[in-house]
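> Have a look; sequence and predicted model below, questions after that.
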Amino acid sequence: QVQLVESGGGLVQAGGSLRLSCAASERSFNNYAIGWFRRAPGKEREFVAAISDTGRSTIYSPSAKGRFAISRDRAKNTVYLQMNSLKPEDTAVYYCAAGRPFGPKPEHYDYWGQGTQVTVSS
């Protein structure tokens with residue numbers, strides 16, 4: 001089992017940046033692909049980005065591609081989501097999840113964090 005903890009959310013103006021972190025204490029964390037998802041008020045959960053267990057492969061949603069970057073530091077058991085050029089429509093609770101195989105579907109992921117709020121003001 002893996003317990004995931006997100007951090008780094010907050011309030012930022014449009015055009016600004018935030019870096020989210022997803023950390024776990026279990027060494028098995030590095031055996032899992034990690035995905036970021038988000039849920040905006042009144043909307044369904046949406047895939048944002050994912051990174052393979054090795055960190056060699058990444059995928060992004062069309063809305064995230066070119067603005068967000070996912071990376072992982074295996075020594076620190078942490079995955080990052082760097083978010084640049086933020087827009088008000090990026091406002092949501094962001095969740096990280098761990099699972100196999102690597103992909104954009106929520107059903108690929110077995111373990112979920114509690115989420116961190118990102119609010120982008122116009």
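Ah, there it is.
> Find the residue closest to the residue positioned nearest the centre of the chain in space, skipping its chain neighbours.
Among the residues of the chain, the one closest to the centroid is W36, at 2.7 Å (CA atoms, centre = their mean). Distance criterion CB to CB, 6 or more residues apart in numbering; nearest residue to W36, sequence neighbours excluded, is V48 at 4.3 Å. From N, CA and C alone the C-beta is placed, and that goes for glycine too.
> Give the full set of residues in contact with the one you found.
With contact set as CB atoms under 8 Å, 6 or more residues apart in numbering, V48 has these partners: 35-38, 60-61, 63-64, 68, 81, 94.
> what helix or strand is it on?
Mapping V48 onto the secondary structure by DSSP states H and E places it in strand 46-51.
> Check which element follows that strand along the chain.
Next helix or strand after strand 46-51 toward the C-terminus (DSSP H and E): strand 58-60.
> any idea of the mean pLDDT in that next one?
Averaged over strand 58-60, pLDDT sits at 97.
> Got the confidence number for the closest residue to A40 other than its chain neighbours?
Once flanking residues are discounted, A40 sits nearest to A92: 4.1 Å by CB to CB, 6+ apart. pLDDT recorded at A92 is 98.
> ok, now which ones touch A92?
A92 makes contacts with 38-41, 43, 46, 117-118, as judged by CB under 8 Å, 6+ apart.
> No further queries at this time; thank you.
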